[in-house]
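[1] fold the following, please.
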Amino acid sequence: MRDRAAPAPARRPGYSVDVVLLTPLDRHLAVLLERTPESAVERWALPWRLVQKFDVPLEALAQRVARDSLSVAPAWMDQIAAFADGRRHPSDAELSVAFVAAVPVGTLSAPGEDAAWFPVAELPPLAPRQRAIAAQAVATVRERLDYAPVAFRLLPPIFTLSDLQRVYEILMGHRVHKASFRRALQSASLVEPTDEWRSEGRGRPAQLFRYTGTRRRRHRRRAVRFDLLGLRG
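    Coordinates of the predicted model:
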């Protein structure tokens, strides 16, 4: 008589809402992780909450998860996907709905002992489903760079073009040619100058710019052509 297969671990009812909070840290893209209970398999996890009632919109739930972790609302958030792949999640839920969110650089104090920022290329061990969620979040942000204002949501309302280029390079994962980058910005009408300037070292002060949004792009819906931006060694 053949042995019966061991029963699969019981899944908890409901679903989890997971949020990947991203911010520039030095010259890296970083994600916020929270410390897990000592009984957990992994020491760190993405912010998540188990949901057992279906009477609240998903985005509102994700915003709540983000605010609980940051104490402020993120500057931008978008849904990534739903994950029901059978991989292990800290909640043991069968389904996880994942969101990615942008946190402006320099706007938050350092997290306490229960949370920390990690470069996305150096994440500690995570539950298998959450590792897949984090990877998909970074891929989604890079895919949406040419039509979603992700880079601008990682900056304060006014910024230098050097600040903006640095954020784009962090998100893209490589450096770009300065002149090509600025030509692409001008072509897409993404920024406009302000009357403010900022001193940067011993050189000439740098003019500050702001994101135009759709206000000046009503009749010009061209995005930044990243395929035309040359690499710089």
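[2] list the contacts of stretch 155-162.
    Outside of stretch 155-162, the residues that reach it under the criterion Cβ atoms under 8 Å, 6 or more residues apart in numbering are 104-107, 163-164, 167, 181-182, 185, 191, 194, 196, 198, 200, 206-211. Heads up, the C-betas are built off the backbone N, CA and C, glycines and all.
[3] quick one: end-to-end distance for that stretch.
    For stretch 155-162, the first and last residues are 11 Å from each other (Cα to Cα, to the nearest Å).
[4] off-centre distance for that stretch?
    Average the C-alpha atoms of stretch 155-162, do the same for its chain, and the two points are 18 Å apart (Cα atoms, centre = their mean, to the nearest Å).
[5] any idea what Trp197 is bridged to?
    Legend: beta-bridge partners of Trp197 under DSSP bridges are Gln207.
[6] renumber starting at 74 from here on
    Right, with 74 as the first residue, what we last looked at is Trp270.
[7] is Gly87 in a helix, a strand, or coil?
    When classified by DSSP: H, G, I helix; E, B strand; the rest coil, Gly87 comes out as strand.
[8] now the residue lying closest to it once chain neighbours are set aside: phi and psi?
    Counting by Cβ to Cβ, 6 or more residues apart in numbering, the nearest residue to Gly87 once its immediate chain neighbours are dropped is Gln125, at 3.8 Å. Backbone geometry at Gln125, expressed as degrees, to the nearest 10, gives phi -120, psi -10.
[9] of the contacts of stretch 228-235, buried ones?
    Burial by neighbour count, judged by 16 or more other Cβ atoms under 10 Å, picks out 177-178, 236-237, 240, 254, 258, 264, 279, 281-284 from those.
[10] filter these down to the ones in strands?
    Cross-referencing those against strands under DSSP state E gives 264, 279, 281-284.
[11] sticking with Tyr220, tell me its helix or strand.
    Assigned by DSSP states H and E, Tyr220 falls within no helix or strand.
[12] to clarify, my last question referred to Ala146.
    Under the assignment given by DSSP H and E, Ala146 is not contained in any helix or strand.
[13] give me the number of residues near it?
    Ala146: 13 surrounding residues under other Cβ atoms under 10 Å.
[14] for Tyr88, list the residues it contacts.
    Contacts for Tyr88 (Cβ under 8 Å, 6+ apart) come out as 123-124, 166-170.
[15] pull up the gap between it and Ser142, please.
    Counting by Cβ to Cβ, to the nearest Å, the gap from Tyr88 to Ser142 is 19 Å.
[16] so Gly159 sits in a helix?
    No. Note on Gly159: no helix contains this position according to three-state DSSP, which reports coil.
[17] related to what we said a few turns ago, farthest-apart pair in the ones in strands among the buried ones among the contacts of stretch 228-235, please.
    Between all members of these, the longest pairwise span (Cβ to Cβ) is found for Ala279 and Tyr284 and amounts to 16.5 Å.
[18] buried sites along the lengthiest helix in the chain?
    Identified as the longest helix of the chain according to DSSP state H is helix 201-216. By neighbour count on 16+ other Cβ under 10 Å, the buried set for helix 201-216 is 202-203, 205-207, 209-211, 213-214.
[19] got it, and stretch 113-125?
    Applying a neighbour-count criterion of 16+ other Cβ under 10 Å, the buried positions in stretch 113-125 are 115, 117-124.
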